[in-house]
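S.K.: this is a predicted model, with the sequence first.
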Amino acid sequence: MSFKAICKRRLLDEMVRHTTRGQNYIVMLVDDRSLRILSACCNVYDVLEEGVTVIEPVCQHRQPLPDLDALYFVSPETASVDAILRDFSSDKNQYNRIQVYFTSPLPPGGQVLRKFARCPNILPRIRAFVEFNLDFIAQEQRVFHLDRPSDFVDLFRGQDAEKLDRIATQLFTLCASLGETPAIRFQKNLRGCAKAVATCLYDKLRHAEFKQTSEPGESTLLIVDRSVDLATLFIHEYTYQVGHRSQQPKS
C-alpha cells in the first residue's frame with residue numbers, strides 16, 4: 001500500500017469516521033501544518049463526504065457553532081493548543097463536544113495536559129484526546145518528506161539537538177503509520193547528524209506501543225545525509241518527471 005493510501009485510510013477511518021459516528025455533521029479545525037498533511041492525501045470531497053460540514057483554521061476567529069461537535073486535528077504547537085483553549089475560555093462555548101487529535105506526540109513535561117486541566121469549560125466536552133502520530137507529507141505514492149526545508153542548511157552549520165529530535169519524532173510517526181519497527185542503519189561520518197537522529201529514533205521506538213504489521217526488524221530504515229552522494233548535485237536530472245516539472249511555469 002502506498003504512503004498516500006495509508007495516510008488517507010488512517011485520516012478517514014481512524015479519525016474522521018471515528019468522530020462522525022452517530023453524528024449528522026461536525027466541524028473540523030486544522031492548523032497550517034495539519035492542513036498540509038491532510039491536503040497531501042485527501043481532497044475536500046473525501047472529507048465532506050464523511051459528514052464534515054466545514055474545515056476551518058483553528059488560529060483564526062470563527063463563528064460559534066455550539067450545537068455541532070468538533071474535530072481538532074492540529075500539531076502540538078503552543079499557538080494551536082492555545083487556540084483550542086480560547087474556544088472554551090468563557091461560558092459561551094464555540095462547539096458542543098470535541099475530539100482532539102495531535103499530529104505527533106506531545107512535548108515532554110506535561111505542559112499541554114496541564115493547560116487543558118486548567119480550563120474547566122473544556123474538560124467535560126472532550127470525548128477523545130489522541131496522539132495520532134501522522135506528521136509527514138505523503139508527497140507521492142512512494143515518496144514522503146518532513147516539510148522542514150530549512151533543516152538542510154541549519155544542520156550543516158552544526159548540530160541542533162532540538163531539530164534532530166524533531167526529525168526523529170516525525171520519522172517515529174512514519175513508523176507508527178506503517179506499523180513497522182525497522183532495523184535502523186545510519187551513515188557514520190564526522191558530522192554525526194545521521195547517527196544522532198538514528199539514536200533518538202531508536203529510543204522512541206523502544207518505548208513505543210503501536211499495532212505492528214510485521215515482526216520487528218523485518219524492514220530497514222537507512223538514514224544518511226546529503227554528503228553520501230554529492231555527485232548528484234552536479235548532474236543534470238534526466239528523468240521524465242523532473243524534466244516535465246522544469247518546463248512548467250512557476251506558480
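M.R.: Ah, there it is.
S.K.: distance from the helix or strand Tyr202 falls within to the middle of the chain?
M.R.: Using DSSP states H and E, Tyr202 maps to helix 193-206. Between the centre of helix 193-206 and the centre of its chain there are 18 Å (C-alpha atoms, centre = their mean, to the nearest Å).
S.K.: helices or strands up against that helix?
M.R.: helix 161-178, strand 183-186, strand 220-223 (3 or more C-beta pairs under 8 Å, 6 or more residues apart in numbering; DSSP states H and E). Any C-beta I mention is one placed from the backbone N, CA and C, and that applies to glycine too.
S.K.: could I get the ones you listed as a markdown table with distance to Phe3 and mean pLDDT?
M.R.: Conversion of those to a markdown table gives the following (distance: least, C-beta to C-beta, whole Å; pLDDT from 0 to 100):
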| stretch | distance to Phe3 | mean pLDDT |
| --- | --- | --- |
| helix 161-178 | 8 | 95 |
| strand 183-186 | 19 | 96 |
| strand 220-223 | 14 | 96 |
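S.K.: pick the most buried one from the ones you listed.
M.R.: helix 161-178 (a mean of 19; mean count of other C-beta atoms under 10 Å).
S.K.: got the contact list for that one?
M.R.: With contact meaning C-beta atoms under 8 Å, 6 or more residues apart in numbering, helix 161-178 is reached by 6-7, 10, 103-105, 133-136, 144, 146, 148, 151, 154-155, 181-182, 193, 196-197, 200-201, 204-205, 208, 210, 213, 219, 221.
S.K.: list buried members of these by neighbour count.
M.R.: 6-7, 10, 103-105, 133-136, 144, 146, 151, 155, 181-182, 193, 196-197, 200-201, 204-205, 210, 221 (16 or more other C-beta atoms under 10 Å).
S.K.: can you tell me which residues contact the spatially most central residue of the chain?
M.R.: Note on the chain: the residue nearest the mean C-alpha position is Asp135, at 1.9 Å, using C-alpha atoms, centre = their mean. By C-beta under 8 Å, 6+ apart, Asp135 lies in contact with Arg33, Ile37, Ser75, Thr103, Ser104, Leu146, Thr169, Gln170, Thr173.
S.K.: if we use 7 Å, what do you get?
M.R.: Asp135 makes contact with Thr103, Ser104, Gln170, Thr173 under the criterion C-beta atoms under 7 Å, 6 or more residues apart in numbering.
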